[in-house]
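Undergrad: Need a 3D model of the sequence below.
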Amino acid sequence: MTCKKSTEMPSTRVIDLNGRRTKAEVLDALGEALQLGGPAGANHPVRPGEAAGWGMNWDALFDCLLNLHSGGIWGSGPRIDFPFKLVLTGARGFAQADPRGFKILADLLEQTRDAYARTGRVFGFDVRH
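TA: Numbering: from 1, shown residues only. Here you go, the predicted model:
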C-alpha cells in the first residue's frame, strides 16, 4: 500500500449543508455526496439481503468515513485518494437548530482525522458557517 505524502495537494470534496437543519438532512447530504451506501441511488438505509445502503446514523457515518480509502463499507463506492479534505459549507443552520448534533459531527470528523493519521493518511476537514 502506498500513501501520498502529506506535502501533496489534497483532493477536496465540498458539501453544501445550506438549508439542512436536522441530523437526517445532514446525514442524507453527506451520504449522497460521498456515496456512502455505494453507487448512486444507494443513499438509503441498509435493507435485508442487499449489499447497498448505509445505517444513516452517527455510528454508521463514522464507519463509512473510516472506509473512504477502500470504497466505503461495501467496497463499491468511489475510493477516495489521500490526502483528502472534506469541506462542509453552510453549516450554520444545522449548528443553530441542533447544537448537540453539530458537536457530534465535529467530534466524528476529529476522530476520523486522528484515526487516519495513525495509518499515515491525511484527512482534513473544514466546517464553514
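Undergrad: how much space is there between Arg121 and Lys85?
TA: 12 Å (CB to CB, to the nearest Å). Yep, even glycine has a C-beta here, placed from its N, CA and C like the rest.
Undergrad: Looking at these two, which one has more neighbours?
TA: Taking neighbours as other CB atoms under 10 Å, Arg121 and Lys85 compare with Arg121 leading, 20 against 16.
Undergrad: Number of residues surrounding the closest residue to the more buried one other than its chain neighbours?
TA: Excluding its sequence neighbours, the residue lying closest to Arg121 (CB to CB, 6 or more residues apart in numbering) is Phe82, at 4.2 Å. Counted with other CB under 10 Å, residues neighbouring Phe82 total 22.
Undergrad: show me the contacts for Thr108.
TA: Slight slip there: residue 108 is Leu, not Thr. Contacts for Leu108 (CB atoms under 8 Å, 6 or more residues apart in numbering) come out as 58, 61-62, 65.
Undergrad: Dump the residues you listed into a markdown table; add distance to His44, secondary structure and pLDDT as well.
TA: Converted to a markdown table, those look like this (distance: CB to CB, whole Å; DSSP: H, G, I helix; E, B strand; the rest coil; pLDDT from 0 to 100):
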| residue | distance to His44 | secondary structure | pLDDT |
| --- | --- | --- | --- |
| Trp58 | 17 | helix | 97 |
| Leu61 | 14 | helix | 95 |
| Phe62 | 19 | helix | 96 |
| Leu65 | 18 | helix | 96 |
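Undergrad: which one among those gets closest to Gly101?
TA: Trp58 (8.2 Å; CB to CB).
Undergrad: Sounds good, over and out.
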